[in-house]
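**Student:** give the three-dimensional model of this entry:
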Amino acid sequence: MRRLRNVKIVATLGPASESYETIRALHEAGADVFRLNMSHGSHADIRKKHEIIRKVEADLDSPIAILADLQGPKLRVGTFVNEAENLEQGARFRLDLDPEDGTAERVCLPHKEIFAALEPGASLLVNDGKIRLRVIECGADFAECEVLAGGTISNRKGVNVPDVILPLAALSEKDRADLEFVCDLGVDWLALSFVQRPEDVNEARALARGRAAILSKIEKPAAIERFEDILDASDGIMVARGDLGVELPVHAVPPIQKRLVRKCRAAAKPVIVATQMLESMIESPMPTRAEVSDVATAIYEGTDAIMLSAESAAGDYPVEAVSTMDHVATEVEADPTYVQIIASSRGGRQSGVADGIVAAAREIAETTDIKAICCFTKSGTTALLTARERPGVPIIAMTSQRDTARRLCLSWGCNCVMTDELGRFKEAVVRAARAARTGGFADVSDQIVVTAGVPFNVTGTTNILRVAPCDERLIFNSEPG
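**Tutor:** Numbers count the residues shown, from 1 in each chain. Predicted coordinates:
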């Protein structure tokens, strides 16, 4: 299913979007990737959604990526005698391991790892940062704190610890069970929460055993400090602005977002900008102007994908939210300023033949009357390198690997087409021409650029570029075997 924009849309599924009709409508409205939030729903619920997505994919003959988002360790306070208490600014409040119900003076924090990492002066944030505590004194089983920002604290509210690297694995026991389940089910991407170091990514990769690509969620200050290493270890990145905005000053998040998107693009790895993009559309059929501007900014920055969370999972207008994102993306990408910004930010890690081939393909396409760049790819690397160039013409990614086609649904500009394994370059050119015509990218009188690796079906051999006609009679008359 051809899109009229290059940035991809990720839609989270939930109670508002679990039927075949709604999921199909979401894909037709513009959703390229469906996110399954492992924090909600049983394995049976996840299996049902997975089956529906694959049925929509088959019915529409359109590759769809499925992203399973692992919950990660959840840090929460215990319960209170009165279910909630009000903490006054300047008051003292104690966190400890005592399982007794809490009061206005103390509450249980059942995570000994936090106490092991705390030092006086460290910050603790409760309930998405609405309550801010500063550690005055601490030990192996307690932290005596001063309330810097007060408010109501209630049962099982989340706790963030922005100042320290916690000695916690990114994968809880639940995450390990969920990971094995969704990998066996056949998801394409695993989103890893609570990433603090590249070792967290390596652990998930070892457990996945190649069954899914690994996408690291950047939501902690520690991950920002180790970002280069985390990026090298990951297949993709999610800029999870919600948690970043809790653990960091909110004004620090926009420049961080911009830097991370640039670094991901330079590394030819897809990046998602997520959280609160069209938040008001949970209850309203129309977004705010600020939200539209936020979505547009991410697109101008060159992100691969933009994501809907509660808007499509639990909102009243899931299809309208996807449609809004689609319209914003289409409008932005038609803006001459967008083309200038993308061109001025071009540049990546070019070190091999494949880098030179895709750079030449983009240059040729933009300086001559070329309608599309068609790249044959087995692992997806050639398509990712082509997407890094952000060419001004469509990218047709042709592959014989179904999992490659699905994973590329997350990457900027990639229109994925399945093809049989090939043995001759002339055959590849013919298939490319047909795909360009069938997909509406070119007419019989047009030309396309074809990139491939010879010998075929070997990963990492991109070494040939050809400007080819879309008229098969001309191909047979002019192309070598």
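
**Student:** so, low pLDDT: which residues of the chain?
**Tutor:** Counting by pLDDT under 70, the low-confidence segments of the chain come to 348-350, 460, 476-481.

**Student:** per-domain residue ranges of it.
**Tutor:** Split into domains by automatic domain parsing, the chain comes to 8-72+170-335, 84-160, 353-478.

**Student:** report the separation between the two terminal residues of the longest one.
**Tutor:** Across domain 8-72+170-335, the straight-line distance between its terminal residues is 17 Å, by C-alpha to C-alpha, to the nearest Å.

**Student:** could you give the separation of that domain from the chain centroid?
**Tutor:** Offset of domain 8-72+170-335 from its chain centre (C-alpha atoms, centre = their mean, to the nearest Å): 4 Å.

**Student:** list phi and psi for residue 302.
**Tutor:** When read as degrees, to the nearest 10, the backbone of residue 302 gives phi 100, psi 20.

**Student:** ok, residue 27 next?
**Tutor:** Torsion angles, degrees, to the nearest 10, at residue 27: phi -70, psi -40.

**Student:** how about it, nearest residue that isn't a chain neighbour?
**Tutor:** Distances taken as C-beta to C-beta, 6 or more residues apart in numbering put residue 56 closest to residue 27, at 5.7 Å, once the chain neighbours are dropped. (Each C-beta comes from the backbone N, C-alpha and C, glycine too.)

**Student:** for that neighbour, list the residues it contacts.
**Tutor:** 20, 23-24, 27, 64 (C-beta atoms under 8 Å, 6 or more residues apart in numbering).

**Student:** can you give me the strands in the stretch 101-250 of the chain?
**Tutor:** Assigned by DSSP state E, counting those that start in this stretch, the stretch 101-250 of the chain shows strands spanning 106-108, 123-126, 131-138, 142-149, 151-154, 159-160, 189-192, 213-218, 236-240.

**Student:** show me what the first one is packed up against.
**Tutor:** Which is strand 106-108. strand 92-96 (3 or more C-beta pairs under 8 Å, 6 or more residues apart in numbering; DSSP states H and E).

**Student:** can you tell me the strand partners of the strand it packs on and which way each runs?
**Tutor:** Sheet pairing of strand 92-96 (DSSP bridges) gives strand 106-108 (parallel), strand 142-149 (antiparallel).

**Student:** please, where are all the strands along the stretch 351-481 of the chain?
**Tutor:** Going by DSSP E, counting those that start in this stretch, the stretch 351-481 of the chain shows strands at 370-376, 395-399, 414-418, 447-453, 462-469.

**Student:** ok, and which of the strands paired with strand 92-96 has the densest surroundings?
**Tutor:** strand 106-108 (a mean of 21; mean count of other C-beta atoms under 10 Å).

**Student:** contacts for that strand?
**Tutor:** 77-80, 93-100, 102, 153.

**Student:** so what's the residue count around residue 362?
**Tutor:** 23 (other C-beta atoms under 10 Å).

**Student:** right, I mislabeled it, should have said residue 343
**Tutor:** 11.

**Student:** what of residue 317?
**Tutor:** 20.

**Student:** is it true that it touches residue 287?
**Tutor:** No: judged on C-beta atoms under 8 Å, residue 317 makes no contact with residue 287 at a distance of 9.7 Å.

**Student:** now tabulate the strands of the stretch 101-250 of the chain in CSV and tack on distance to residue 89.
**Tutor:** Below are the strands of the stretch 101-250 of the chain laid out as CSV (distance: least, C-beta to C-beta, whole Å):
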stretch, distance to residue 89
strand 106-108, 17
strand 123-126, 14
strand 131-138, 9
strand 142-149, 6
strand 151-154, 9
strand 159-160, 19
strand 189-192, 36
strand 213-218, 31
strand 236-240, 29
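
**Student:** of those, which is nearest residue 324?
**Tutor:** strand 236-240 (20.2 Å; C-beta to C-beta).

**Student:** packing partners of that closest one?
**Tutor:** strand 213-218, helix 253-266, strand 271-274.

**Student:** list the buried ones in the second one?
**Tutor:** Within helix 253-266, the residues that qualify as buried by neighbour count (16 or more other C-beta atoms under 10 Å) are 253, 256-258, 260-266.

**Student:** in a helix, the residue nearest to residue 27, correct?
**Tutor:** Yes: counting by DSSP: H, G, I helix; E, B strand; the rest coil, residue 56 is part of a helix.

**Student:** dump the residue contacts of the residue nearest the centre of the chain.
**Tutor:** Nearest to the geometric centre of the chain sits residue 272, at 3.6 Å (C-alpha atoms, centre = their mean). Residue 272 sits next to 10, 215, 236-239, 303-307, 410 when contact means C-beta under 8 Å, 6+ apart.

**Student:** just residue 143 next, same as before
**Tutor:** Per C-beta under 8 Å, 6+ apart, neighbours of residue 143: 94-96, 109, 114-115, 118, 124, 135, 137.

**Student:** now it, nearest residue through space, not along the chain?
**Tutor:** Using C-beta to C-beta, 6+ apart, the nearest residue to residue 143 is residue 95, at 4.7 Å.

**Student:** what's the answer for residue 406, then?
**Tutor:** residue 188 (4.4 Å).

**Student:** so who does the one you found touch?
**Tutor:** So residue 188 contacts 65-67, 212-213, 403, 406-407, 409 (C-beta under 8 Å, 6+ apart).

**Student:** how far is stretch 367-383 from where the chain is centred?
**Tutor:** Using C-alpha atoms, centre = their mean, the offset of stretch 367-383 from its chain centre is 22 Å.

**Student:** buried ones in that stretch?
**Tutor:** Quick answer for stretch 367-383 (16+ other C-beta under 10 Å): 370-378, 380-383.

**Student:** number of nearby residues for residue 84?
**Tutor:** Neighbour tally, residue 84, other C-beta under 10 Å: 14.

**Student:** ok, back up a step: are any of the contacts of strand 106-108 buried, and which?
**Tutor:** Here, 16+ other C-beta under 10 Å leaves 77-80, 93-96, 98, 102, 153 buried among these.

**Student:** any chance of the residues you listed in a markdown table, with distance to residue 463 too?
**Tutor:** Below are those laid out as a markdown table (distance: C-beta to C-beta, whole Å):
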| residue | distance to residue 463 |
| --- | --- |
| 77 | 58 |
| 78 | 61 |
| 79 | 63 |
| 80 | 66 |
| 93 | 64 |
| 94 | 65 |
| 95 | 60 |
| 96 | 63 |
| 98 | 66 |
| 102 | 65 |
| 153 | 62 |
